[in-house]
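# Provide a 3D model corresponding to the input given below.
(one chain, ligands or ions: 1)
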Amino acid sequence: SDYETILIERHDAVTLIRLNRPQALNALNSQVLAELIDAFAAYDADPAQRCLVLTGSEKAFAAGADIKEMSSQGFADMYAGNFFAGWERVTATRKPWIAAVAGYALGGGCEVAMMADFIIAADSAKFGQPEIKLGVSPGMGGSQRLTRAVGKAKAMEMCLTGRMMDAAEAERSGLVARVVPAAELIDEALKTASSIAAMPPLAAIANKEMVNAAFETGLATGILFERRLFHGLFGTEDQSEGMAAFVEKRPGVWTGR
Ligand code: HXC
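I've put the predicted structure just below:
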């Protein structure tokens, strides 16, 4: 691939993307965003790839949006360029993806981790929204996703003070699915991703869609959305196969149809 700021590895049906700007603690500049948009779209379009892991380095998942890139921008530049709106193309990814976070996940780094379907954190992870110290605020969804994840008290405290949350607190607060020793982060994330990659792929998309619907709808509408998708899955080959395989006590073989 021609990417300069990200590295891509394929582990069977799992795509591993590593953010790779070590000199800037993986600060997220426009090039990183453009390359991630391209790589996520390629993942979503490739039927052979069934789960994705996004990670950084041992020291930093990402220390934020690139402050040096933003420092000379004014309102008109940001507004005319619709700065950060490109991230919506990453969150439009239909297939599952996991953020594997070690070290700093600050500002935009924390926000990108929260765009993932879930976060697996190393015990070294530190999450924060320190933008207030720069005279700004979260700009890639942090004020909304952090509040939904950990509730108003902690989200407000973090946004107003810029303090970081360590991995243990992040797990207690519901920000991350699981904490693992730093040395095992990539292995554990790949193992989890492989187990998702082994699931019937349409069911994976449907499960992701309905959990996400919980953040967009009232309860009755969300439950109706779930029920219709559930009914719809009975139109798939993988539903017949999955239930037949269970009855016959054998593993299912998925067609993705
Ligand atoms: C650009 C960054 C950067 C960033 C670090 N670097 N974070 N460059 N944008 N967000 C660069 C440093 O300038 C330095 O480059 C190199 O990475 C190493 O960083 P150090 O600070 O020397 O490392 P250390 O002392 O270990 O401190 C680590 C750190 C600190 C605590 C994470 O770097 C830090 O506070 N970074 C900024 C965190 C932050 O405010 N993030 C929010 C950004 S705003 P040189 O060339 O000097 O070696 C954001 C907003 C989104 O994300 C939406 C609205 C604006």
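# spell out which parts of the stretch 1-150 of the chain neighbour the ligand.
For the stretch 1-150 of the chain, the residues in contact with the ligand (Cβ under 6 Å from any ligand atom) are 24-25, 27, 63-68, 70, 104, 106-108, 130-131, 134, 136, 138-140. C-beta: built from backbone N, CA, C; applies to glycine.
# where do the strands sit along this protein?
Here the chain has its strands, by DSSP state E, at 6-11, 14-19, 51-55, 60-62, 97-101, 104-106, 118-122, 126-128, 165-166, 178-180.
# ok and the residue in the stretch 101-250 of the chain nearest the ligand?
For the stretch 101-250 of the chain and the ligand, the shortest gap (Cβ to the nearest ligand atom) falls at Gly107, measuring 2.5 Å.
# which residue is nearest the middle of the protein?
Geometric centre of the chain, nearest residue: Ala116, 1.4 Å, by Cα atoms, centre = their mean.
# for Gly232, see how far away that residue is.
Ala116 sits 25 Å away from Gly232, going by Cβ to Cβ, to the nearest Å.
# contacting residues around Ala63?
Counting by Cβ atoms under 8 Å, 6 or more residues apart in numbering, Ala63 makes contact with Ala24, Leu25, Asn26, Ala27, Tyr104, Leu106, Gly107, Gly109.
# same thing but at 6 Å, please
Ala63 sits next to Leu25, Ala27, Tyr104, Leu106, Gly109 when contact means Cβ atoms under 6 Å, 6 or more residues apart in numbering.
# ok, now Leu175?
Shown here is Leu175, whose contacts under the criterion Cβ under 6 Å, 6+ apart are Ala149, Val150.
# ok, it to Ile132 distance?
The gap separating Leu175 from Ile132 is 19 Å, by Cβ to Cβ.
# count the neighbours of the spatially closest residue to the residue of the stretch 101-250 of the chain closest to the ligand that is not a sequence neighbour for me.
By the measure of Cβ to Cβ, 6 or more residues apart in numbering, the closest residue to Gly107 outside its immediate chain neighbours is Gly64, 3.2 Å from it. By other Cβ atoms under 10 Å, 27 other residues sit near Gly64.
# now swap in Gly242 and tell me
Residue neighbour count, defined by other Cβ under 10 Å, stands at 18 for Gly242.
# ditto for Lys249
Neighbour tally, Lys249, other Cβ under 10 Å: 6.
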